[in-house]
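Trainee: Sequence and computational prediction follow.
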Amino acid sequence: MYWMILFLAGLFEIGWAVGLKYTEGFTRWWPSVLTVLAMIVSIVLLAVATKKLPLGTAYAVWTGIGAVGAVTLGIVLFGESAQPLRLLCVGLIVAGIVGLKLTA
């Protein structure tokens, strides 16, 4: 249950990370409101997950999900670089997330 909550927190982190791009420096009203709401939901879900999961593991998994999702959506939505070395580094983050999950 707490791993699912942490996963949802990570999805909301992806949402607010990508949302930052659409806020244009918090100068656009609706994207800014939605981004701040995603931030709040993400942090609250992370806090709930840390009730039962180790803090270091939960935080690392949360940021890892956010990082992998933000890079992936940056490539898909904004045409950011998909160089093989960059993708390898994202793969290493995924391996780290899986490793933390397996050892928690």
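Mentor: Sure thing, it's come through. Numbers count the residues shown, from 1 in each chain.
Trainee: Give me the local confidence score for the residue nearest the centre of the chain.
Mentor: The centroid of the chain falls nearest to residue 66 when counting by Cα atoms, centre = their mean (1.5 Å). Per-residue pLDDT puts residue 66 at 97.
Trainee: who touches it in this structure?
Mentor: Contacts of residue 66 were listed using Cβ atoms under 8 Å, 6 or more residues apart in numbering, and they are 10, 13, 14, 17. Quick note: C-beta positions are derived from backbone N, CA and C, even for glycine.
Trainee: What strand or helix carries it?
Mentor: helix 55-78 (DSSP states H and E).
Trainee: okay, that helix in CSV with CA atoms only?
Mentor: The C-alpha trace of helix 55-78 is given here as CSV (Å, rounded to 0.1, in the frame of the first residue of the first chain):
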residue,chain,number,x,y,z
LEU,A,55,12.9,7.9,4.7
GLY,A,56,16.1,7.6,2.6
THR,A,57,14.6,4.9,0.4
ALA,A,58,11.3,6.7,0.0
TYR,A,59,12.9,10.1,-0.9
ALA,A,60,15.4,8.5,-3.4
VAL,A,61,12.6,6.5,-5.1
TRP,A,62,10.4,9.6,-5.2
THR,A,63,13.1,11.8,-6.8
GLY,A,64,14.1,9.0,-9.1
ILE,A,65,10.5,8.5,-10.4
GLY,A,66,10.3,12.3,-10.9
ALA,A,67,13.7,12.5,-12.6
VAL,A,68,13.0,9.6,-15.0
GLY,A,69,9.5,10.9,-15.8
ALA,A,70,10.7,14.5,-16.3
VAL,A,71,13.5,13.4,-18.7
THR,A,72,11.1,11.1,-20.6
LEU,A,73,8.5,13.7,-21.0
GLY,A,74,11.1,16.3,-21.8
ILE,A,75,12.1,14.1,-24.8
VAL,A,76,8.5,13.4,-25.8
LEU,A,77,6.9,16.8,-25.3
PHE,A,78,9.7,19.3,-25.7
